[in-house]
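In: model this:
(one chain, ligands or ions: 1)
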Amino acid sequence: MRQVLSVTSECIPLVKTGGLADVAGALPGAMRDVGWEMKTLLPGYPEVMAKIKAGKTVLSDKNLFGGAAKVVEASGSGLKLFVLVAPHLYERDGLPYGDASGKDWPDNPERFAALCKMAARIGSEGAGDWLPDIVHCHDWQAGLTPLYLSQSSGHRPGTIMTIHNIAFHGFAPKEKIGLLGLPRDGFTQDGYEYWDQISALKAGLVWSDKLTTVSPTYAKELMRAEFGMGLDGLLQSRSNDLVGILNGIDDKTWDPATDPEIANYKTPRGKRTAKTRLRREFGLPVSDGPLCVVVSRLSHQKGLDLLLEALPALVDRGGQLALLGSGDKELERRFAEAAASHKFVSARIGYDEALSHRMIAGADAILVPSRFEPCGLTQLYGLRYGTVPVVAYTGGLVDTVIPVSPMTLRGKVATGIQFHPATSDALARALMQAVDLFADKPVWEMLQKNGMRQTVGWQASAAEYASLYEKVAPAL
Ligand code: ADP
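Out: From the prediction side, this is the model:
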């Protein structure tokens with residue numbers, strides 16, 4: 001089997017803040033099925049160290065940005081891991097990227113440059129007797145890896161950079177060029193410089209052999225000024241190397257037939273029971289309208305401020321909302337306030353994996369009103385569980401939901417509702433449409449069944465990654 005090193009700052013079931021962790025955790029299993037063994041390099045945050053049994057040390061460094069560090073092998077949950085143990089960088093209370101209040105760690109440039117340095121060493125020197133054919137880097141945290149690799153004279157694996165979300169660049173002040181060991185002549189507009197700062201993501205996009213992002217539509221959007229966050233020109237110039245490969249979901253964890261959070265409800269009766277329980281759990285009264293859920297980070301990207309404005313369109317017609325999310329404090333406060341003032345709205349502020357399963361299982365519809373969405377996962381969970389997605393027309397939401405229209409209804413292929421542009425008025429109209437369609441039972445059932453038939457696993461995408469790896473792997 002050919003070998004690939006995946007470099008990531010999060011990975012389920014060890015540490016997760018968003019969809020990147022789901023993808024990093026699911027890819028190794030999917031790639032094994034298509035002939036690629038994937039090992040994952042991850043920082044040794046406290047929650048990672050608590051969950052792994054550290055094995056052999058494969059690399060060490062006496063002074064990696066101010067302290068001793070080593071890479072150890074570990075395995076578990078079907079993953080083969082390399083964990084970067086560097087207590088001076090990772091052993092601290094709080095979150096992977098910041099303190100408990102969410103404020104970024106000031107030494108994030110060093111923390112993730114350390115990850116990239118060790119990734120580049122594994123790529124060029126190997127770890128023990130293991131040498132990768134490909135190094136696959138995820139987001140800015142892994143972005144400096146291809147640049148460090150280009151500076152080494154050893155083995156040269158093929159490099160892939162995947163953009164999960166271009167909104168995060170991984171900026172560092174230019175004064176850190178020397179400290180981070182970056183080549184000074186690379187600090188140019190064609191290199192890793194971005195408005196007089198270091199951009200780790202840009203380094204990854206310039207120095208990798210191939211670039212991917214997580215849906216075909218997002219790949220096209222990224223080449224436009226509205227979405228490219230200043231990197232659209234660079235991505236246009238590399239358009240021949242950029243491909244959008246849709247994320248799948250872990251269809252074993254998200255399987256309505258075996259989900260431990262709910263009784264098997266693949267039948268309409270099962271869905272009714274899950275819904276009754278969900279209403280009870282959220283303290284919502286019985287109503288004839290659709291029960292809608294949101295499971296999301298609360299951030300500007302996710303467009304949930306639009307939902308707050310559009311809520312009357314739903315609740316005044318008997319629809320209900322149950323929300324689970326955390327993040328932006330102002331949004332948390334506004335949703336708590338909406339819940340307190342309307343009996344058809346209920347909100348849980350927090351992060352709760354098990355509850356997210358019960359919500360997606362029990363709801364009639366799942367709302368994803370994002371302003372931009374590289375791929376999005378919750379609409380895919382919804383499709384699998386017969387929970388109709390109501391989504392914005394952007395990124396991966398375009399590629400995964402077939403919107404209701406006279407034509408798609410006639411052809412019996414629709415799976416959800418889409419709105420455009422990303423405004424509260426357009427969302428309000430979509431919510432009214434959801435209420436109307438929900439009242440039309442045969443149509444609603446058709447949407448549910450079409451969605452449940454859609455393939456949302458990793459198979460097709462794993463094959464696409466494999467063919468990309470083949471293109472850039474060194475010859476055998
Ligand atoms: P992003 O990565 O931008 O946050 P995605 O839709 O790609 O968005 O992935 C988000 C993942 O995090 C999904 O698996 C979703 O179920 C999960 N998630 C988000 N917020 C919560 C929450 N409050 N509780 C449980 N799971 C959550």
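In: so how far is stretch 428-442 from its chain's centroid?
Out: With CA atoms, centre = their mean, to the nearest Å as the basis, stretch 428-442 stands 29 Å off its chain's centre.
In: so who does the residue of the stretch 101-250 of the chain at minimum distance from the ligand touch?
Out: Nearest to the ligand, among the residues of the stretch 101-250 of the chain, is Asn165, at 6.1 Å (CB to the nearest ligand atom). The way it works is simple: take the backbone N, C-alpha and C, and place the C-beta from them, glycine included. By CB atoms under 8 Å, 6 or more residues apart in numbering, Asn165 lies in contact with 18, 20, 139, 374.
In: for Thr162, pull up the helix or strand it's in.
Out: Thr162 is part of strand 158-163, with elements assigned from DSSP states H and E.
In: cool, Met118 as well?
Out: Element membership of Met118 [criterion: DSSP H and E] is helix 108-125.
In: again with Leu41
Out: strand 36-43.
In: Trp130 contacts Val4, doesn't it?
Out: No: between Trp130 and Val4 there is no contact under CB atoms under 8 Å: 11.0 Å.
In: mutual contacts of those two, please.
Out: In contact with both Trp130 and Val4: Lys39, using CB under 8 Å, 6+ apart.
In: settle it for me: which of those two has more neighbours?
Out: Higher neighbour count among Trp130 and Val4: Val4, with 25 against 15, using other CB atoms under 10 Å.
In: just say helix, strand or coil for that one.
Out: strand (DSSP: H, G, I helix; E, B strand; the rest coil).
In: how many neighbouring residues does Lys62 have?
Out: Residues lying near Lys62 (other CB under 10 Å) number 8.
In: neighbours of Ser299, just the number please.
Out: Ser299 - counted by other CB under 10 Å - has 18 other residues nearby.
In: dump the residue contacts of it.
Out: Applying CB under 8 Å, 6+ apart, the residues contacting Ser299 are 327-328, 331.
In: for Val294, which non-adjacent residue is spatially closest?
Out: Leu323 (4.4 Å; CB to CB, 6 or more residues apart in numbering).
In: where's Lys70, which helix or strand?
Out: Going by DSSP H and E, Lys70 is part of strand 69-76.
In: need the contact list for His169.
Out: By CB under 8 Å, 6+ apart, His169 lies in contact with 140, 194, 199-202, 229.
In: spatially, and excluding backbone neighbours, which residue is closest to Val85.
Out: Val85 sits nearest to Gly44 (CB to CB, 6+ apart), 4.3 Å away.
In: what sits against that neighbour?
Out: 72, 83-87, 90-91.
In: need the residues of the protein near the ligand, please.
Out: Contact residues, the chain versus the ligand (CB under 6 Å from any ligand atom): 18-19, 22, 295-297, 324-326, 351-353, 356, 375-378.
In: so which of the residues you listed sit within strands?
Out: Cross-referencing the residues of the chain next to the ligand against strands under DSSP state E gives 295-297, 324-326.
In: can you count the residues close to the residue in the chain positioned nearest to the ligand?
Out: Per CB to the nearest ligand atom, Gly19 is where the chain lies closest to the ligand, at 2.4 Å. Each residue near Gly19 was counted by other CB under 10 Å, and the total is 22.
In: okay, now the unreliable bits of the stretch 201-350 of the chain?
Out: 263-269 (pLDDT under 70).
In: before we move on, back to that, wait, doesn't the residue nearest to Val294 sit right on Asp352?
Out: No: taking contacts as CB under 8 Å, Leu323 lies outside contact range of Asp352: 11.9 Å.
In: between the two, who's got more neighbours?
Out: More neighbours surround Leu323 than the other of Leu323 and Asp352, with 26 against 13 (other CB under 10 Å).
In: and the more buried one, what are its bridge partners?
Out: Val294, Ala347 (DSSP bridges).
In: swap in the one 4 residues further on?
Out: Partner residues in beta bridges with Gly327: Leu298, with DSSP bridges as the criterion.
In: just put the contacts of Gly44 in a markdown table and tack on secondary structure.
Out: Shown next, in a markdown table, are the contacts of Gly44 (three-state DSSP):
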| residue | secondary structure |
| --- | --- |
| Val72 | strand |
| Val83 | strand |
| Leu84 | strand |
| Val85 | strand |
| Ala86 | coil |
| Pro87 | helix |
| Tyr90 | helix |
| Glu91 | coil |
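In: which of these sit farthest apart?
Out: Val72 and Glu91 (14.3 Å; CB to CB).
In: neighbour count winner among those two?
Out: Taking neighbours as other CB under 10 Å, Val72 and Glu91 compare with Val72 leading, 21 against 13.
In: ok, then the element right after the strand holding Leu41?
Out: Counting by DSSP H and E, what follows strand 36-43 is helix 46-51.
In: would you mind checking the average pLDDT for that next one?
Out: Averaged over helix 46-51, pLDDT sits at 95.
In: how about residues contacting the helix or strand following it?
Out: Per DSSP H and E, helix 46-51 leads on to strand 57-61 as the next helix or strand towards the C-terminus. Identification of contacts with strand 57-61 by CB under 8 Å, 6+ apart yields 68-73, 82, 117-118, 121-122, 125, 127-128, 130.
In: switch the cut-off to 6 Å
Out: 69-73, 121, 127-128 (CB atoms under 6 Å, 6 or more residues apart in numbering).
In: what's the burial count for Val34?
Out: The burial count for Val34: 17, using other CB under 10 Å.
In: and for Arg184?
Out: 10.
In: quick check: closest non-adjacent residue to it.
Out: Ile177 (6.0 Å).
In: and the one you found, what's its pLDDT?
Out: Ile177 carries a pLDDT value of 98.
In: which strand or helix spans it?
Out: Using DSSP H and E, Ile177 falls in helix 177-180.
In: give me the distance from whichever helix or strand comes after that helix to the chain's centre.
Out: Later in the chain than helix 177-180, the nearest helix or strand by DSSP H and E is strand 193-194. On the basis of CA atoms, centre = their mean, strand 193-194 sits 25 Å off its chain's mean C-alpha point.
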